[in-house]
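>>> Got a predicted model here, sequence first, then my questions.
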Amino acid sequence: MQLVVFDLDYTIWQPEMYQLDGRPKLVSLDDFVGKSKRKSRRTPRRPPGGSKTIFENKIVTDQRGTPISVFDGAAHSLSEINRMKDDYNLRVAISSRTDEPSWAYQCMKWLVAADGKALEECFDRDLIEISYSDKSKHFESLNRKTGVDFRQMAFFDNEYWNIQSVSRLGVRCYHTPDGMTREIWEQCLSDFGMS
């Protein structure tokens, strides 16, 4: 494996950008949880796992306060890739058809992988493919940019039709219908003899 490619919405994070009510924003943890009043019976909200950001005590939400969080398996795999990059000469790309690219870029600046690195630092800047075209077109572009053979690429996506389209090129594809998981990442490493 020389190139690892991730979809964003519902593979790296949740919810999907089209489900957000307005542009992402940073919110203090205190404001999100809600300041408890002595006589209040309301249980304070808890931030979801995977909602850590580059800022201490802040999370990312939409305009109504819906938190945006990184799946545990995504945070874990990106951290492992960061650790493995030099030893295995790995490159990391994005193939996304997100409805709101500018919102996705903002989330990548603020949300972090398990090692604390901002998501934007986990991906090669020149290997970000965000457009509405068929994802096989994204991979043809990635192949031209990197020279990496399709058989040396791994792709993670929650949409099965994207998996079908890209697998025809010879890319090893992993369906993540419930978001990226550690188990799927471990399967990928095993398939490429890297576990």
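Arrived safely. Numbers count the residues shown, from 1 in each chain.
>>> From now on I want contacts and neighbour counts done on CA atoms only, so please keep to that.
Fine.
>>> element containing residue 155, please.
strand 153-157 (DSSP states H and E).
>>> From the rest of the structure, what touches that strand?
By Cα atoms under 8 Å, 6 or more residues apart in numbering, the surrounding residues in contact with strand 153-157 are 1-8, 11, 163, 171-177, 180, 188.
>>> 7 Å instead?
Under the criterion Cα atoms under 7 Å, 6 or more residues apart in numbering, residues 1-7, 11, 163, 171-176 lie in contact with strand 153-157.
>>> Identify each of the helices in this protein and give its residue range.
Per DSSP state H, the chain carries helices over the ranges 29-33, 72-88, 101-110, 119-122, 135-146, 160-167, 182-191.
>>> which intervals of this protein have sub-threshold pLDDT?
By pLDDT under 70, the low-scoring segments of the chain are 35-45.
>>> Find the centremost residue of it, please.
The C-alpha lying nearest the average C-alpha coordinate of the chain belongs to residue 12 (Cα atoms, centre = their mean; 2.3 Å).
>>> Distance check, the nearest residue to it once chain neighbours are set aside against residue 21.
Once flanking residues are discounted, residue 12 sits nearest to residue 74: 5.3 Å by Cα to Cα, 6 or more residues apart in numbering. Using Cα to Cα, to the nearest Å, residue 74 is found at 24 Å from residue 21.
>>> and if you look at residue 125?
Taking Cα to Cα, one finds residue 125 at 27 Å from residue 21.
>>> Now do the same contact list for the residue lying closest to residue 51 once chain neighbours are set aside.
Sequence neighbours aside, residue 69 is the residue nearest to residue 51 in space, at 4.4 Å (criterion: Cα to Cα, 6+ apart). By Cα under 7 Å, 6+ apart, residue 69 lies in contact with 13-14, 48-51.
>>> one step back: which among the helices of the chain is found nearest to residue 60?
Among the helices of the chain, helix 101-110 comes nearest to residue 60, with 7.4 Å by Cα to Cα.
>>> Tell me the helices and strands packed up against the closest one.
helix 119-122 (3 or more Cα pairs under 7 Å, 6 or more residues apart in numbering; DSSP states H and E).
>>> Tell me which other helices or strands the helix it packs on touches.
For helix 119-122, the packing partners by 3+ Cα pairs under 7 Å, 6+ apart are helix 101-110.
>>> at 10 Å what do you get?
helix 72-88, strand 91-96, helix 101-110 (3 or more Cα pairs under 10 Å, 6 or more residues apart in numbering; DSSP states H and E).
>>> Tell me which of these sits most buried.
Most buried of these by mean neighbour count (mean count of other Cα atoms under 10 Å) is strand 91-96; its value is a mean of 22.
>>> any idea of the angle it forms with helix 72-88?
In terms of direction (axes from the mean of the first three to the mean of the last three Cα atoms, to 10 degrees), strand 91-96 departs from helix 72-88 by 140 degrees.
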